[in-house]
Structure formats: C-alpha cells, structure tokens
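K.L.:
sequence and predicted structure are below.
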Amino acid sequence: MAGPKLVKPGAKMNVSDARPDSNGTLGRDVQDVIGQQLRAMYDDLVNQAVPDRFTKLLEKLEKRDDEGKH
Amino acid sequence: MGTGVSLRDDILATLPRLRAFAISLSGKVDRADDLVQETLVRALTSIDSFRPGTNLQAWLFTILRNQFRSEYRKRRREVEDIDGRLTGTLKTPPEQQSRLEFQEFRRALTKLPANQREALILVGASGFSYEEAAQICGCAVGTMKSRVSRARVDLSEILSIESADDFGQDVQTRAVMAGASSR
C-alpha cells in the first residue's frame, strides 16, 4: 500500500482544509462535496447493467424451490 | 409454495441497487458479484423469514452486509491489500473521465474501516434512514449517526491526501474547497 502522497504546491485543497474544526465537524461545503461525489459514484453503479446470471439464477432457484415443495 | 412472481420481480428490481452496494462495500466488481450471488441464494432459501409488506430492499441489504462482514473477518488482509487491483477490475471507457474519478473515490472508500464504510454508503448513497441503516447493521441509531459523521471526516482526509489533484480538476469542487479553506 502506498504511503500518503504530498499535496502539490498550489493545489487548492490540502489536509487542513478538510480537517474538522474544533467542534469535530466538517464544514458544510466539504460535507456537500463528499455527499455529491458519493451519490454520483453510486448512481453510476446503479445504472450499470446487471449481469444476466443473476436473472437466470433467480429463475433456477425458484424452479427448484417450486419442485421441492410441490 | 414458491416465491411468487411479484416477489421475484421485486427482487429483480432491487438488484441494481444491491449490486451497487456490494461494489461500494468490497471495491471490486468480481467479488461484489459473488456477494450478490450468495445473497440471492440465501434470500431464496430463507424467503419464508421475509415478512411481506416489510422493506424487501433492507432485508436483502442486511443479508448482503452480513455476508460481506463475515467474509471480511476471514479475509481482512486480502481486503486491505486492495491498491492497484481495483483499476484493473472495472471497465473504464477512456472517454469517460468521470469513471476515473469514481474509481478514485471508490478506492478511498475502501480505506475506511468497514463499519464506517457501510454506514456512509447506506445513509449517504443508498438512501436509507439512520434508523433503517442501524437495523441493517445491527447497531444503535446513535452509533450509526456517529459512524456516518466519522466516515465523512476520515474520507475527506483520505481524499485530500490522495486525490487533491483529481479534486483540483473539477472547477466546481475547487471553488467549493477554496471557499471552505478561507473560513
């Protein structure tokens, strides 16, 4: 695992920007950015096609379930 | 009695979100798909324990989450050694810059302790309430709230150290971050 990289000079964000204030909470803006990134990343995943094998698996399991109990 | 067509359709409808949860948790698509598969098998074999009318999505998420956590305990070392392999397991069309940013974000997410990670994903991305998320993870609501807030703080630190450049590319983000730092 790589160690922490140094923030390049001139980068707008550095560690202290993201650190919580004395109350231990993040700035609203930083929280919002994280929230937006998280949801965008997640929505991208949700919109990916689900592999066929799951649909087939469900059908197979259900058939077996029906046969086993009838 | 079988599971019934409508219940199967409900499970099918939940699959994209279940899979998104699995990928976010594990950080790897192939492992996530194994998790989803195991979850479906478990769900179908214990379908009688599902109470119709209750939250099917929460029920499936609970099964997947428990599955992940029991594997996580067994394979902790492997899970933490995730660097460098994540990129290879995700299909990334070169024209989609955003996918790359998502990968960075997803990788940062996998560096959070598991209990913080699942808390943040459930509440911040999957759209569960604190109460529902607490139930899924088997903890108190207060614990869930503090895990989510701790996760946000830790994630912001991981991201600021590891992808300051990536964040910097996003003009809007840069502006927000600059605003945040000038307080």
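P.N.:
All right, it came through fine. Residues are numbered from 1 along each chain as shown, chains lettered A, B, ... in the order given.

K.L.:
going forward, measure contacts between C-alpha atoms and count neighbours the same way
P.N.:
Fine.

K.L.:
outside of the particular helix or strand that has residue B:67 in it, which residues touch it?
P.N.:
For residue B:67, the enclosing helix or strand under DSSP states H and E is helix B:56-74. Judged by C-alpha atoms under 8 Å, 6 or more residues apart in numbering or on different chains, the contacts made with helix B:56-74 from elsewhere in the structure are B:10-11, B:14, B:18, B:21-22, B:26, B:35-36, B:38-39, B:42-43, B:50, B:79, B:114, B:132, B:136-137.

K.L.:
could you give me the buried positions within that helix?
P.N.:
Within helix B:56-74, the residues that qualify as buried are B:56-69, B:72, counting by 16 or more other C-alpha atoms under 10 Å in any protein chain shown.

K.L.:
where in chain B is pLDDT low?
P.N.:
In the prediction, chain B carries residues with pLDDT under 70 at positions B:1-5, B:75-99, B:161-183.

K.L.:
return only those of the contacts of helix B:56-74 found close to chain A.
P.N.:
The residues of those that also fall near chain A, by C-alpha under 8 Å from any C-alpha of the partner chain, are residue B:21.

K.L.:
filter the contacts of helix B:56-74 to the buried ones?
P.N.:
The neighbour count (16+ other C-alpha under 10 Å) marks B:11, B:14, B:18, B:21-22, B:26, B:35-36, B:38-39, B:43, B:79, B:114, B:132, B:136-137 as buried among these.

K.L.:
what's the most distant pair in these?
P.N.:
In those, the most distant members under the criterion C-alpha to C-alpha are B:11 and B:79, with 27.8 Å between them.

K.L.:
right, I'll call it a day here.
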